[in-house]
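**Student:** Need coordinates for the below:
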Amino acid sequence: MGDEAFEVLGLLYIAAYPSQHFSARYFGQYLAQFLAEDPTYSKQSYLTEMADFEWALGNTLDAANANTITLDNLKSIPPEQWANLKIHFHPSLHVCSFEWDIPLLWKAIENKEAPRLPKKQKEAITWIFWRKELQSQFRSLTKPQAIMLALCQKNH
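**Tutor:** As a prediction, this is how the structure comes out:
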């Protein structure tokens, strides 16, 4: 986008969504919505996805702490108890679907690679975000993995 265009975007966003919270952390919570609705930006859907991506990363860090289960924990569960297990996901888990290669573009930017435009994918890809030891993590899911996760989230 570039510095000048981002400054214009920022000023338009501030006018549309003035800060309502004492913490600057929440200031951008409506940025994706703004980008999707504003006629200047709505035709560039990759901008909305970039805002969603950045927000998902931030949310992993702000999520409540919770214990995680390890493979050793799972191994210690007697087989007769597996049918009664209830899955609870870590509060930092977030799921997003992207039509553009936003996570890969973000990695390229972080690695200081040559600037490039986002690429539209053949189909949307599901990505998960979570926190591990105060570090945001993310990865893509295959279609079967995304379906399985959605079913587990629905039934938990």
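**Student:** So what would you say the end-to-end distance of stretch 83-93 is?
**Tutor:** 24 Å (Cα to Cα, to the nearest Å).
**Student:** now do stretch 91-107
**Tutor:** By Cα to Cα, one end of stretch 91-107 lies 24 Å from the other end.
**Student:** tell me the mean pLDDT over the longest helix along the chain?
**Tutor:** Scanning the chain for the helix with the most residues, using DSSP state H, yields helix 45-62. Helix 45-62 shows a mean pLDDT of 93.
**Student:** ok, residues contacting that helix?
**Tutor:** Residues from elsewhere that reach helix 45-62, judged by Cβ atoms under 8 Å, 6 or more residues apart in numbering: 1, 25, 28-29, 31-32, 35-36, 41-42, 92, 94, 96, 98-100, 102-103, 105-106, 118, 120, 127, 129-131, 134, 136-138. Quick note: C-beta positions are derived from backbone N, CA and C, even for glycine.
**Student:** Now which of those would you call buried?
**Tutor:** 28, 31-32, 35, 41, 92, 94, 96, 98-100, 102-103, 105-106, 118, 127, 129-131, 136, 138 (16 or more other Cβ atoms under 10 Å).
**Student:** Okay, and which of the residues you listed map to helices?
**Tutor:** Per DSSP H, those map to helices at Leu31, Ala32, Leu35, Ile102, Pro103, Leu105, Trp106.
**Student:** ok, the second one to Ser19 distance?
**Tutor:** This points to Ala32. Using Cβ to Cβ, to the nearest Å, Ala32 is found at 17 Å from Ser19.
**Student:** now swap in the last one and tell me
**Tutor:** When distance is defined by Cβ to Cβ, Trp106 is 25 Å away from Ser19.
**Student:** Repeat that for the fifth one.
**Tutor:** As for Pro103, its distance to Ser19 is 28 Å (criterion: Cβ to Cβ).
**Student:** what about the spatially closest residue to Trp106 that is not a sequence neighbour, how many neighbours?
**Tutor:** Spatial nearest neighbour of Trp106, excluding adjacent residues (Cβ to Cβ, 6 or more residues apart in numbering): Phe53 at 6.1 Å. Neighbourhood size, Phe53 [other Cβ atoms under 10 Å]: 22.
**Student:** could you point out where the protein is predicted with low confidence?
**Tutor:** Within the chain, the ranges that satisfy pLDDT under 70 run 156.
**Student:** can you tell me which residue is nearest the centre of it?
**Tutor:** Ala56 (3.0 Å; Cα atoms, centre = their mean).
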